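1. task: produce atomic coordinates for the following.
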Amino acid sequence: MYFPNTERNTISEDIIIEKAKPEDAEELLHILKIIGGETDNLTFGSEGLSATLKEEQIYLASLIDSVSSAMFVARKNGRIVGNAHFTGMTRTRLKHRGTLGISVLRSEWGQGIGHSLMEAVIDFAKNTAHVEIISLEVKSDNVRAIELYKKFGFEKTGHFKGFLKINGEYADFELMNLYL
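-> Numbering: from 1, shown residues only. Prediction:
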């Protein structure tokens, strides 16, 4: 489990979950391009995020002391192999909510990295951001991810037909919430 009062948490001999730092920006942007090219489960493909290196550095720096949002990276033997982010809402009527996203290199699937990243995000959301509901969207045919979310108590709250358009085809998504 991730504990918010520590900088990093060792999951196994070679896997560490820690908060992302501005100096992680270049590697993170590179890894997200790889992950985006490995799956159609994300809102981006092999083009990765649209952020420049400087923009990503600024974004990660803005999260360092944030009590409403956080980015975590999973490192295996020092190399980033996955990430998860939590974005807490800041408007008064929305402060009880936040969203999460998670991605892991395909070569690292099934090793508990996604599970450990989920623990970090949920712990942060509950104990630092103090939200009551975490929401996410997941591609309807992404059975592995849906099962992971269900293990953590997420419940389906809706179905969004045509959430993404990939290569001219609509992709449906499930909307899920975790009530803390």
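2. any idea which helix or strand carries the closest residue to residue 142 other than its chain neighbours?
-> Using CB to CB, 6 or more residues apart in numbering and skipping the chain neighbours, the partner closest in space to residue 142 is residue 41 (4.8 Å). For glycine as for every other residue, the C-beta is placed from the backbone atoms N, C-alpha and C. Taking DSSP states H and E as the definition, residue 41 sits outside all helices and strands.
3. could you measure from residue 41 over to residue 143?
-> 11 Å (CB to CB, to the nearest Å).
4. count of neighbours near the residue nearest to residue 142?
-> For residue 41, the neighbour count with other CB atoms under 10 Å is 18.
5. ok, it - contacts?
-> Contact analysis of residue 41 by CB atoms under 8 Å, 6 or more residues apart in numbering lists 138-139, 142, 145.
6. next one: residue 102
-> Taking CB under 8 Å, 6+ apart as the contact definition, residue 102 lies against 82-85, 114, 117-118, 121, 145.
7. kindly report the same for residue 69.
-> Neighbouring residues of residue 69 by CB under 8 Å, 6+ apart: 63, 85-88, 98, 129.
8. now do the helices in this protein.
-> 25-38, 53-63, 113-127, 143-151 (DSSP state H).
9. of all these, which one is nearest residue 180?
-> Of all the helices of the chain, it is helix 113-127 that lies closest to residue 180, at 5.1 Å by CB to CB.
10. buried set for that closest one?
-> Counting neighbours by 16 or more other CB atoms under 10 Å, one finds that the buried residues in helix 113-127 are 113-114, 116-125.
11. okay, these in TSV with pLDDT next?
-> Converted to TSV, these look like this (pLDDT from 0 to 100):
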residue	pLDDT
113	95
114	95
116	95
117	96
118	96
119	96
120	96
121	96
122	97
123	96
124	97
125	97
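12. only alpha carbons, please: show stretch 29-37 as CSV.
-> Extracted in CSV, the C-alpha atoms of stretch 29-37 (Å, rounded to 0.1, in the frame of the first residue of the first chain):
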residue,chain,number,x,y,z
LEU,A,29,5.9,11.4,-21.9
HIS,A,30,8.0,8.8,-23.7
ILE,A,31,6.4,5.9,-21.8
LEU,A,32,2.9,7.2,-22.5
LYS,A,33,3.6,7.2,-26.2
ILE,A,34,4.6,3.6,-26.0
ILE,A,35,1.6,2.6,-23.8
GLY,A,36,-0.8,4.6,-26.2
GLY,A,37,0.6,2.6,-29.1
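13. check contacts around residue 38.
-> Counting by CB under 8 Å, 6+ apart, residue 38 touches 105-106.
14. repeat that for 6 Å
-> Taking CB atoms under 6 Å, 6 or more residues apart in numbering as the criterion, residue 38 is in contact with residue 106.
15. great, nothing more from me.
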